[in-house]
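> Everything below, folded, please.
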Amino acid sequence: MERTPFKTDIKSLEKKIDKLKSSKKENSGQSFKVQNDGWRMVIELVVGMLIGFGIGLGLDILLNTKPLCLIIFTLLGFIAGVKTMLNTAKTMNQENIEGNNL
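Numbering: from 1, shown residues only. Have a look, this model is predicted:
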């Protein structure tokens, strides 16, 4: 008794598995890039705030105006970080559009 229908099923199943594996490899590179872009944007925001915090703290110590410069420059650092994040997102979006058009 020969089981040929099972052999064809197994071969078609192996083809489907190979196809899924190859598509998964392609998607993993894109996923890694998205994660890197996300971390880049978070770091830009945090660095902007830290720079503003440092400048504000330094000016407060020099001018003896304890919370005033710290608050102002931390907010300015936050605004600068958000602006940098938005520029990065705009650049990534433009690169994505150009990549899809090719």
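
> Name the nearest residue to Ala80, ignoring sequence neighbours.
Excluding its sequence neighbours, the residue lying closest to Ala80 (Cβ to Cβ, 6 or more residues apart in numbering) is Gly48, at 4.5 Å. C-beta coordinates here come from the backbone N, C-alpha and C atoms, glycine included.

> Could you identify the longest helix within this structure?
Across the chain, the helix with the greatest residue count (assigned by DSSP state H) is helix 4-63.

> Please compute how far that helix lies from its chain's middle.
If you compare the mean C-alpha spot of helix 4-63 with that of the full chain, they lie 6 Å apart, counting by Cα atoms, centre = their mean, to the nearest Å.

> After it, which helix or strand is next?
Next helix or strand after helix 4-63 toward the C-terminus (DSSP states H and E): helix 66-101.

> Just list what that next one packs against, helices and strands only.
In terms of contacts (3 or more Cβ pairs under 8 Å, 6 or more residues apart in numbering; DSSP states H and E), helix 66-101 is packed against helix 4-63.

> So what angle separates the directions of the helix it packs on and helix 66-101?
Taking axes from the mean of the first three to the mean of the last three Cα atoms, to 10 degrees, helix 4-63 and helix 66-101 form an angle of 150 degrees between their directions.

> now helix 4-63: mean pLDDT?
When pLDDT is averaged over helix 4-63, the result is 85.

> Let me know the distance separating Val42 from Phe32.
Relative to Phe32, Val42 is positioned 16 Å away (Cβ to Cβ, to the nearest Å).
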